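Asker: Model the following, please.
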Amino acid sequence: MSITADPGITRDEAFSLLKEHLKSDKLIGHSLATEAIMQKLAGHFGEDPVLWGVSGLLHDLDYETTGEDEASHGLETAKILEQKGVSPVVIDVIKKHNAEGLGLERTTLFEHALTCAETITGLIVATALVYPDKKISSVKVKSVTKRMKTTHFARAVSRERIMECEKTGLPLNEFVKLSLEAMNDISDELGL
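Answerer: Numbering: from 1, shown residues only. You can find the predicted model right below:
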């Protein structure tokens, strides 16, 4: 079932809000990469790329405040976005990317997509950084999928959350391919 909703915030407003709340270039890059992957996934699934993109861009808005506190990550973002009049659809999917920490459950295509999209960014960046040129354009699908099996490589990246791509109907190889394409499209912004 396709979700259509006005996100209640423009992309420019969302990016300004992101920069207001996140100072780390690494976190901003992660947010931009997640946005790009979500837009690519939205196109693949015939969903709204603006709605999906804004959700990806804002998903870690509270990370510098909540950090590793899984019991509050997403809740602070929800409060900020509610005050800005952002759509409950966006707020709900953002909370559910931390479903485990908040005692929620992911059940929809949108929820699974955001979770696997935001998680794969770390594995792709880590893979790019072991290449001599440190460029996403050099990374191949096989390099990423091979590193999925190497538990000591980028060990903070949850392989289980990446595998939620299968709950969207995308096999891992296809998901990695779409994610690499999306991140390569904004490689200059990412500095990779």
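Asker: Now do the phi/psi pair for the residue nearest to Ile28 when sequence neighbours are not counted.
Answerer: Once flanking residues are discounted, Ile28 sits nearest to Leu22: 5.5 Å by Cβ to Cβ, 6 or more residues apart in numbering. To be clear about C-beta, it is placed using only N, CA and C from the backbone, and glycine gets the same treatment. Leu22 adopts backbone torsions of phi -120, psi 130, taken as degrees, to the nearest 10.
Asker: Now that Leu22 has come up, it's in contact with Leu61, right?
Answerer: Yes - if you go by Cβ atoms under 8 Å, Leu22 and Leu61 touch, sitting 7.0 Å apart.
Asker: Between the two, which has more neighbouring residues?
Answerer: Leu61 (25 against 20; other Cβ atoms under 10 Å).
Asker: contacting residues around that one?
Answerer: For Leu61, the contact set (Cβ atoms under 8 Å, 6 or more residues apart in numbering) comprises Leu17, Leu18, His21, Leu22, Glu76, Thr77, Ile80, Leu81, Ile94.
Asker: Measure how buried Leu172 is and give me the count.
Answerer: When neighbours are counted by other Cβ under 10 Å, Leu172 comes out with 18.
Asker: can I assume it is in contact with Lys149?
Answerer: No - counting by Cβ under 8 Å, Leu172 stays clear of Lys149, with 10.7 Å between them.
Asker: Kindly state the pLDDT recorded for the residue of the chain most remote from its centre?
Answerer: Centroid-distance maximum for the chain: Pro132 at 25.7 Å, with Cα atoms, centre = their mean. With respect to pLDDT, Pro132 scores 95.
Asker: same question, Ile28
Answerer: The predicted local confidence for Ile28 is 97.
Asker: start at 271 instead
Answerer: In the new numbering, first residue 271, that becomes Ile298.
Asker: Helix or strand: which one has it?
Answerer: helix 295-315 (DSSP states H and E).
Asker: number of nearby residues for the nearest residue to Ala303 once chain neighbours are set aside?
Answerer: In space, and not counting its chain neighbours, Ala303 is closest to Thr391: 4.2 Å by Cβ to Cβ, 6+ apart. If you count neighbours by other Cβ under 10 Å, Thr391 ends up with 24.
Asker: All good on my end, thank you.
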